[in-house]
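Undergrad: What follows is a predicted structure for the sequence shown.
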Amino acid sequence: MEAKRRTQLRLAVLAAGIAFLAAGLIRGEFSDVLEKAMRICLECIGIG
Amino acid sequence: MKTQERKRLWIQAAFTALFNGYAAGFAKGKIFTGPSKGICVPVLNCYSCPGALGACPIGSLQAVAGGKGRSISFYILGVLMLFGLVFGRLLCGFACPFGFLQDLLAKIPVRKRTVPARIDKPARKLKYVLLAAVLILPAVVSAVKGAAASPYFCKYLCPAGTLEGGLPLLLANANLRAMAGALFTWKAAILLAVILGAIFIPRFFCRYLCPLGAFYSFFNRFALYRMERNASSCTGCGACEEVCPMAVWVTQELESSGECIRCGKCKAVCPAGAICSGFESLARKTAEE
């Protein structure tokens, strides 16, 4: 991959990553994740 | 090579301990419930592991998408994109606890199998199908049913959940043990199959099944952490390809491969010192370019 194209991709992903992270935090996804992760996930451990 | 490999195993052990540092949980048969549980770790590490201090990205992606009328988790995707941009699949090689387990299993001295290309190539695409399912399925089912959807990957497939969450919790908690039934038997069988697979085929789960590895593979080509082969020094001896746990065609596609987990085995074994690795700045050109 050309260095110029690689740099463009990196900057685009950096911007998108920060925007996604901020959008997720603003709409309260941290609490959603916390709420789920604080309880035993019965599906994950194979109970259902 | 041995010193370097030992160093990597210690780093993997340290990350495993860091992500699962709540030791009391294993004795109590309970999981950690502190606020750090909302922080997404960048590797496959079940949040129902008694020791887990953070949240599994694959479980969280499905949990957010499958509930509360959200169809996608921007938070988790943002975290994974930023980690992918910096590290690519270096995280698979150095930080993933389930990758660590597979590397230990690969040390069992049995003859390793080479998967024929006609099976290997299409089978590697399976992890992308699973990634698509992780991203789409809970959102679609939740929208159609109008209710929360299950994290299907975790429920029916994830061997990390069975190993890190299911087994320790069931061993320590009689109530949970009493609830285990056919689904647990199914998941234990999957775990056993993956363990056997990893004994005979190094990084079996990472090669064929890991949706997180599939996600990071898109970032390998332009991640800041890079591995490169100097074509003018390379003698084409193929020693690198013999040791590669992911069976990457190192002499032809090291830089562009989404499969390389940056474990550094090829670099350590190269007699010509033709492989280099390290972090590149956001906009630096490589020597060859």
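TA: Yep, that arrived. Note that the structure is predicted; figures quoted are calculated from it, not measured.
Undergrad: any idea how far residue A:2 is from the residue most central in space within chain A?
TA: Nearest residue to the geometric centre of chain A (Cα atoms, centre = their mean): residue A:21, 6.3 Å. Residue A:21 sits 28 Å away from residue A:2, taking Cβ to Cβ, to the nearest Å as the criterion. Using the backbone N, CA and C atoms, a C-beta is placed for each residue, glycine as well.
Undergrad: repeat for residue B:82
TA: For residue B:82, the distance to residue A:2 (Cβ to Cβ) stands at 23 Å.
Undergrad: Between these two, which has more neighbouring residues?
TA: Under the neighbour definition other Cβ atoms under 10 Å in any protein chain shown, residue B:82 and residue A:2 were set side by side, and residue B:82 has more, 19 against 9.
Undergrad: neighbours of the closest residue to residue B:83 other than its chain neighbours, just the number please.
TA: Distances taken as Cβ to Cβ, 6 or more residues apart in numbering or on different chains place residue B:42 nearest to residue B:83, at 4.1 Å, with adjacent residues excluded. Neighbourhood size, residue B:42 [other Cβ under 10 Å]: 22.
Undergrad: before we move on, what about the one 10 residues further on?
TA: Burial of residue B:52 is recorded as 25 neighbouring residues (other Cβ under 10 Å).
Undergrad: repeat for residue B:219
TA: 25.
Undergrad: can you tell me the helix or strand for the residue nearest to the centre of chain A?
TA: Counting by DSSP states H and E, the element that carries residue A:21 is helix A:3-26.
Undergrad: Alpha carbons of the next helix-or-strand element following that helix, as PDB, please.
TA: The helix or strand immediately downstream of helix A:3-26 is helix A:29-37, counting by DSSP H and E. Written as PDB, here are the backbone C-alpha positions of helix A:29-37 (Å, rounded to 0.1, in the frame of the first residue of the first chain):
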ATOM      1  CA  GLU A  29     -23.600   3.200  25.700                       C
ATOM      2  CA  PHE A  30     -21.000   3.000  28.500                       C
ATOM      3  CA  SER A  31     -23.900   2.500  31.000                       C
ATOM      4  CA  ASP A  32     -25.400  -0.200  28.700                       C
ATOM      5  CA  VAL A  33     -22.100  -2.100  28.600                       C
ATOM      6  CA  LEU A  34     -21.600  -1.700  32.300                       C
ATOM      7  CA  GLU A  35     -25.100  -2.900  33.100                       C
ATOM      8  CA  LYS A  36     -24.600  -6.000  31.000                       C
ATOM      9  CA  ALA A  37     -21.000  -6.700  32.200                       C
END
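Undergrad: Helix or strand next in line after helix A:29-37, which one?
TA: On the C-terminal side of helix A:29-37, the closest following helix or strand by DSSP H and E is helix A:42-45.
Undergrad: Only the C-alpha atoms, please, for that following helix, written as CSV.
TA: Extracted as CSV, the C-alpha positions of helix A:42-45 are listed here (Å, rounded to 0.1, in the frame of the first residue of the first chain):
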residue,chain,number,x,y,z
LEU,A,42,-26.0,-16.7,31.3
GLU,A,43,-25.8,-17.1,27.6
CYS,A,44,-22.0,-16.5,27.6
ILE,A,45,-21.3,-19.2,30.1
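Undergrad: Mind checking the pLDDT average for that helix?
TA: Averaged across helix A:42-45, pLDDT comes to 90.
Undergrad: pretty sure the residue nearest to residue B:83 belongs to a helix, no?
TA: No. Counting by DSSP: H, G, I helix; E, B strand; the rest coil, residue B:42 is not found in a helix; it is coil.
Undergrad: so what pLDDT did it get?
TA: 98.
Undergrad: do you know how far residue B:277 is from chain A?
TA: 16 Å (Cβ to the nearest Cβ, to the nearest Å).
Undergrad: cool, residue B:88 as well?
TA: Per Cβ to the nearest Cβ, residue B:88 is found 11 Å from chain A.
Undergrad: Now that residue: closest residue in space, sequence neighbours ignored.
TA: residue B:223 is the one closest to residue B:88 (Cβ to Cβ, 6+ apart), at 3.1 Å.
Undergrad: what about that neighbour, neighbour count?
TA: For residue B:223, the count of nearby residues is 26 (other Cβ under 10 Å).
Undergrad: which residues touch it?
TA: Taking Cβ atoms under 8 Å, 6 or more residues apart in numbering or on different chains, we find residue B:223 in contact with B:84-90.
Undergrad: wait, is it part of a helix?
TA: No. With three-state DSSP as the criterion, residue B:223 is assigned coil and is not in a helix.
Undergrad: related to what we said a few turns ago, which of the contacts of residue B:223 sits closest to chain A?
TA: Compare each of those with chain A using Cβ to the nearest Cβ and the shortest gap goes to residue B:85, at 4.8 Å.
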